[in-house]
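# Structure, please.
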Amino acid sequence: MSVRRLADEAIQPATFAFTKENQAWAEKKMAEYPPGRQQSAVIPVLFRAQEQQGWISRAVIENVANLLGMPYIRVLEVATFYTQFQLKPVGTVAHVQVCGTTPCMLRGAEDIRHVCERKISHEPFEVTPDGKFSWEEVECLGACVNAPLVMIGSDTYEDLTPESFEAILDKFAAGKGDEVKPGPQVARQFGAAEGGATTLLEKPTAKRTYKPFPPPPEAPAAPAGAVPAPAAATPTAAGGKNKTTEETAPALKSPSPEKVSTATAEGERKAAAASAKADGAPNKAMREEATGAESPAGKIDAGKTDTKAKRVAAPAAVSSPTRETGGPLFTPPPGAKDDLKLISGVGPVLEGKLNAAGITTWAQVAALKKADIDRLEAHLAFPGRVARDEWIKQAKALAKGGVEEYRRVFGKDPR
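A predicted model of the protein is given here:
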């Protein structure tokens, strides 16, 4: 984007003031915004000033800034950024904006530009000696289906040829620009097909009718010699419903009436152990604290048990970070705990998990290495959390100087 500056001081008017009608319009536009947000009306108010004067001068910028309660530089930034604001005088009768983007260029925009160079001026923004005409090339004007086109004021003139465009310029030069109808300059209605409608040609009726869908195509015939698939066998009799379910099976209600001898059961157990090559040694793969797995199987007592024996309940599982490793993931330092919730991304629940894992201070978090982070995130089931929320950077600031250092580094209070 090229640098845009205000016009030379020699041509800058001394003052600018809205007309009574435009002043009322600007105040009404400002009232559309909530209290304290009137500055949001800067673009429409600037455009209204341009419509009145024809271009944006220094006096216009100062007047609009005073009206909206804005610094001059803020309004100047808007006026120099948006190219629809003209920063130096343009033609008083017609400032022609020629669309030069791809659809218009493919449809003859270059010929339209040559007409401007020949009838107005060789260079854009050069005003004719009488001050009535000027031109420029702009980006898309939003009517690609009617390319090529130009905009004069707020009206577009579409579907142009060099001849029709020259005729439009002649009309404006003769003071008859209001006789030129905006829109397509050929026999078409807006963006409809040129020469008339090509679709929906049926006469409208009060009753809606629907055309039936055509039948689906027939399946192709099977090739000669193809062996048809065998038909499914026809059952000889209807199958009866299974009257026994898992819930009503007799074996679930009472033991089987057939007794198994102790000798037979013991023999089957020894045969199974021999086939599995069991040597009777404890299973080394089991955890040391596990009980019962390494004990040899006792003999079947044929249902005879000591009813006076005390039943020992299995201990309930306890959720703890020491469950798998025999200790915390990290060694907690002595002394008071830091408020880990000051680290953005750590809440009360996560702080409790960190404390249970042995992390109780900011300095511990700041000293975490890659391997430590991997272990911690696997334990917390939050992969990528440490890097994403910048725990290390936050913890270093807190460990160095507490909340004051955090404010200095991040420019805000923690959390």
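
# Over to the closest residue to residue 121 other than its chain neighbours: give its phi and psi.
With CB to CB, 6 or more residues apart in numbering as the criterion, residue 121 has its nearest non-adjacent residue at 6.4 Å, and that residue is residue 128. Using the backbone N, CA and C atoms, a C-beta is placed for each residue, glycine as well. Main-chain dihedrals, residue 128, degrees, to the nearest 10: phi -60, psi 160.

# Hmm, residue 128 is touching residue 91, no?
Yes - counting by CB atoms under 8 Å, residue 128 does reach residue 91; the two are 6.7 Å apart.

# how about the strands in the chain?
Applying DSSP state E to the chain gives strands spanning 94-99, 133-138, 150-152, 155-158, 183-184.

# closest to residue 124 out of the ones you listed?
The closest approach between residue 124 and any of these, judged by CB to CB, belongs to strand 133-138 at 4.4 Å.

# Go through the strands of the chain and pick out the most buried.
Stretch with highest mean neighbour count among the strands of the chain: strand 94-99 (a mean of 24; mean count of other CB atoms under 10 Å).

# Who are the packing partners of it?
Judged by 3 or more CB pairs under 8 Å, 6 or more residues apart in numbering; DSSP states H and E, the packing partners of strand 94-99 are helix 109-119, strand 133-138, strand 150-152, helix 162-173.

# which residues make contact with the second one from outside it?
Identification of contacts with strand 133-138 by CB atoms under 8 Å, 6 or more residues apart in numbering yields 83, 90-91, 93-100, 113, 116, 119-121, 124-128, 151, 169, 172-173.

# among these, which ones are buried?
When neighbours are counted using 16 or more other CB atoms under 10 Å, the contacts of strand 133-138 contain these buried positions: 90-91, 93-100, 113, 116, 119-121, 124, 126-128, 151, 169, 172-173.

# Of all the helices and strands packed on strand 94-99, which one is nearest residue 223?
Of all the helices and strands packed on strand 94-99, helix 109-119 sits nearest to residue 223, with 60.1 Å by CB to CB.

# hmm, who's touching that closest one?
With CB under 8 Å, 6+ apart as the test, helix 109-119 has contacts from 96, 98-100, 133, 135, 137, 147-148, 150, 160-162, 165-166, 169.

# Now for those: which two are most distant?
Using CB to CB, the contacts of helix 109-119 span at most 22.6 Å, a distance reached by 133 and 147.

# got a list of what residue 217 touches?
Per CB under 8 Å, 6+ apart, neighbours of residue 217: none.

# So for it, what's the pLDDT?
For residue 217, the model assigns a pLDDT of 86.

# Ok, residue 3 next?
We have a pLDDT of 82 for residue 3.

# what does residue 282 give?
On the pLDDT scale, residue 282 gets 54.

# and what of residue 95?
According to the predicted model, the pLDDT of residue 95 comes to 95.

# before we move on, what about residue 293?
Per-residue confidence (pLDDT) for residue 293: 45.

# The one 3 residues further on too?
Listed pLDDT for residue 296 reads 49.

# what's the answer for residue 116, then?
Listed pLDDT for residue 116 reads 95.

# Residue 347 now?
Residue 347 is assigned 88 on the pLDDT scale.

# Need the outlier residue of the chain, farthest from its centre.
In the chain, counting by CA atoms, centre = their mean, residue 263 sits farthest out from the average C-alpha position, at 73.3 Å.
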